[in-house]
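Engineer: Predicted structure and sequence below. I'll ask about it afterward.
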Amino acid sequence: MQAEGVIANEQELATLKQLTCLVEERSKYYGKAILKFGFLREKEALKVSAGIIIFTPKGHEMKEEKRDYGSFVLITKLLEPTEVCVLLEEIVEKRTLSIPDLPSIQLKGRLDQTIHFIPSMGQYGCIRSEWPGNYCKFDIQQESRGYPPRDLPAKLEYPLYPHGEKALIDFLELKTQYFTESFIAILVPDYRSRIRNLTIAGKKVRTDIESREVSLKDLVTKFYCEADSRSYHSENISCEKGYAEFEIDREPTRVLVHLLDSASGEDLDNRMFDYRWGDYGEGITIERSEMEVREIIRRGENENVEFKRDLTSPDDFLDTIVAFSNSSGGTIFLGVDDDTGILGFVEKDKDRITNLIASNIEPTMQPRISTFALSEKLITLISIPEGNDKPYSHRERGVYVRKGATDRHATRIDLDAIYSKRQSTSSFYR
């Protein structure tokens, strides 16, 4: 009988083989691999808190580093891709982490059964990738896990942190606020080509392409758009000019674009836009037309749209931000009344809005603030993304969710649904 987390099973070995094959296939595009790890030191032994392995493009320069806080150690090491393949084999087959100049560390855990695809500018769990690539992780079991210490001593030569958790998150550049599990993440980027940006400008969508290892004439894009319950599909559009455009007869509310190799048909990258998202993220540009904004206002308030005359009732404003964050995101139109009348409102000091949110909503979140001119009047748009750290709360008034066009206090059923979804979709911390 195999000991749980100690001996690799057949599925792990199959995943390992797929992972190392990907590295070997792409190694001609790679320079060094960067290993960034955090370790808890207990006496003379080290335990892994977390680590990430990323393969860098040719010509990328980075230095090795070590920050020794005593009970907590952060290191950056550089290895050849072939060396990393050997290291991964030892992790999976021998449950041993062997990094040069460090003592070998025994591990208990499991390698994910699935290798996930991450599009460019995309994120999987708390790992973000500038280029399209594949991602897998080795989950470390509790008994061999090194929890970051609560306190870190101040060191003249190193950055100051309140605790080890924050130091680890910053050092590994994780897209999260909390550290809950130990892992070794492996990111295998594909540096051949990527979608640099997706622009939605009225009825027209455009994608700009960056290619390092593939000729632009060998790439095509395909678009899918939705507008008013109608679907639109493009043919294969050449990327020879470095971009591709697709126009429909109305402004799209949802756009999906894929970048493909015209010879092999391989799907290299993708990008998606949905107007319901409060924050569209990096790599997406919205050039709103006046017609589009007027149409959104004409349709009135709904689960993703809220009108506010001004900020004379800041608590109501904050309740809506919390509700959008706990639901599917949305946009607040400041300077529009409940009857869709355009009154105009501009907060010259955007920091006032940012500080109002930061001082009253937890955990922290970052809306996007912009202005728009309608009928010679300026209105302010506050775009709120669906939150990654639900539930969000108004410190003085509690947790709200969006129900139709209203903000309501979250019920026990609402909170159960939030926690259930958070647990099931927290793909990085399974």
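Structural biologist: Looks like it came in fine.
Engineer: Which stretches in the stretch 201-350 of the chain count as helices?
Structural biologist: Counting by DSSP state H, counting those that start in this stretch, the stretch 201-350 of the chain has helices at residues 290-299, 314-326, 350-360.
Engineer: low-scoring stretches of this structure, by residue?
Structural biologist: Along the chain, segments meeting pLDDT under 70 span 1-6, 276-280, 349, 422-430.
Engineer: Break it down into its structural domains.
Structural biologist: Domain assignment for the chain by automatic domain parsing gives 10-189, 193-274, 299-429.
Engineer: for the first one, the distance to its chain's centre please.
Structural biologist: It refers to domain 10-189. 18 Å (CA atoms, centre = their mean, to the nearest Å).
Engineer: now do the second one
Structural biologist: Between the centre of domain 193-274 and the centre of its chain there are 21 Å (CA atoms, centre = their mean).
Engineer: helices or strands next to the longest helix seen in the chain in the packing?
Structural biologist: Longest helix in the chain by number of residues, with DSSP state H as the criterion: helix 10-26. Contact here means 3 or more CB pairs under 8 Å, 6 or more residues apart in numbering; DSSP states H and E; on that basis helix 10-26 packs against helix 81-89, strand 109-111, strand 133-140, strand 182-189. Where C-beta positions appear, they are placed from N, C-alpha and C, glycine not excepted.
Engineer: Mean neighbour count for these - can I get that in CSV?
Structural biologist: CSV is the format used below for those (neighbours: other CB atoms under 10 Å):
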stretch, mean neighbour count
helix 81-89, 18
strand 109-111, 22
strand 133-140, 24
strand 182-189, 24
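Engineer: And these: which comes nearest Arg230?
Structural biologist: strand 133-140 (33.8 Å; CB to CB).
Engineer: what's that closest one in contact with?
Structural biologist: The contact list for strand 133-140, computed with CB atoms under 8 Å, 6 or more residues apart in numbering, reads 15, 19, 22, 48, 91-92, 107-112, 114-118, 124, 127, 129, 181-190, 428, 430.
Engineer: The helix or strand following that strand: which residues count as buried?
Structural biologist: Of the helices and strands lying after strand 133-140 in sequence (DSSP states H and E), the nearest is helix 164-172. Buried residues in helix 164-172, counted by 16 or more other CB atoms under 10 Å: Gly164, Glu165, Lys166, Ala167, Leu168, Ile169, Phe171, Leu172.
Engineer: Next: stretch 377-395.
Structural biologist: 379-388, 390-394.
Engineer: And it, how far out from the chain middle?
Structural biologist: Distance, centroid of stretch 377-395 to centroid of chain: 17 Å (CA atoms, centre = their mean).
Engineer: Stretch 9-19 now?
Structural biologist: The answer for stretch 9-19 is 26 Å, by CA atoms, centre = their mean.
Engineer: how about the strands in the stretch 201-350 of the chain?
Structural biologist: Ranges of strands in the stretch 201-350 of the chain, per DSSP state E, counting those that start in this stretch, are 204-211, 219-227, 230-233, 237-238, 243-247, 254-261, 267-274, 284-287, 305-308, 330-334.
Engineer: Report the strands that pair with the second one, each with its relative direction.
Structural biologist: So the one you mean is strand 219-227. The sheet places strand 219-227 alongside strand 230-233 (antiparallel), strand 237-238 (antiparallel), strand 254-261 (antiparallel), with pairing taken from DSSP bridges.
Engineer: related to what we said a few turns ago, for the domains of the chain, give me JSON lines that also has distance to Glu290.
Structural biologist: Formatted as JSON lines, these follow (distance: least, CB to CB, whole Å):
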{"stretch": "domain 10-189", "distance to Glu290": "28"}
{"stretch": "domain 193-274", "distance to Glu290": "10"}
{"stretch": "domain 299-429", "distance to Glu290": "6"}
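Engineer: quick one, which of the ones you listed is nearest to Met291?
Structural biologist: Comparing the domains of the chain by CB to CB, domain 193-274 comes nearest, at 7.2 Å.
Engineer: Endpoint to endpoint, that closest one covers what distance?
Structural biologist: End-to-end distance of domain 193-274 (CA to CA, to the nearest Å): 24 Å.
Engineer: could I get the helices and strands packed on helix 10-26 as a markdown table with distance to Leu259?
Structural biologist: Listed next are the helices and strands packed on helix 10-26 as a markdown table, based on distance: least, CB to CB, whole Å:
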| stretch | distance to Leu259 |
| --- | --- |
| helix 81-89 | 24 |
| strand 109-111 | 29 |
| strand 133-140 | 14 |
| strand 182-189 | 15 |
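Engineer: which stretch among these comes nearest Leu152?
Structural biologist: With CB to CB, the closest approach to Leu152 among the helices and strands packed on helix 10-26 belongs to strand 182-189: 17.8 Å.
Engineer: partners of the closest one, with directions?
Structural biologist: Strand 182-189 has its sheet partners listed here by DSSP bridges as strand 45-57 (parallel), strand 133-140 (antiparallel).
Engineer: Which one, of those strands, ends up nearest to Lys241?
Structural biologist: Lys241 lies closest to strand 45-57 among the strands paired with strand 182-189, at 23.9 Å (CB to CB).
Engineer: Flag every buried residue along the helix or strand following that closest one.
Structural biologist: Per DSSP H and E, strand 45-57 leads on to strand 65-68 as the next helix or strand towards the C-terminus. Residues of strand 65-68 classed as buried: Arg67 (neighbour count, 16+ other CB under 10 Å).
Engineer: ok, residues contacting strand 65-68?
Structural biologist: Where contact means CB under 8 Å, 6+ apart, the residues beyond strand 65-68 that reach it are Val73, Leu74, Ile75, Thr76, Lys155, Tyr158, Pro159, Ala167, Phe171.
Engineer: Try it again at 10 Å.
Structural biologist: Residues outside strand 65-68 that contact it (CB atoms under 10 Å, 6 or more residues apart in numbering): 36, 38-39, 41, 73-78, 101-102, 152, 155, 157-159, 167, 171.
Engineer: Pull the number of nearby residues for Gly330.
Structural biologist: Using other CB atoms under 10 Å, Gly330 is surrounded by 25 other residues.
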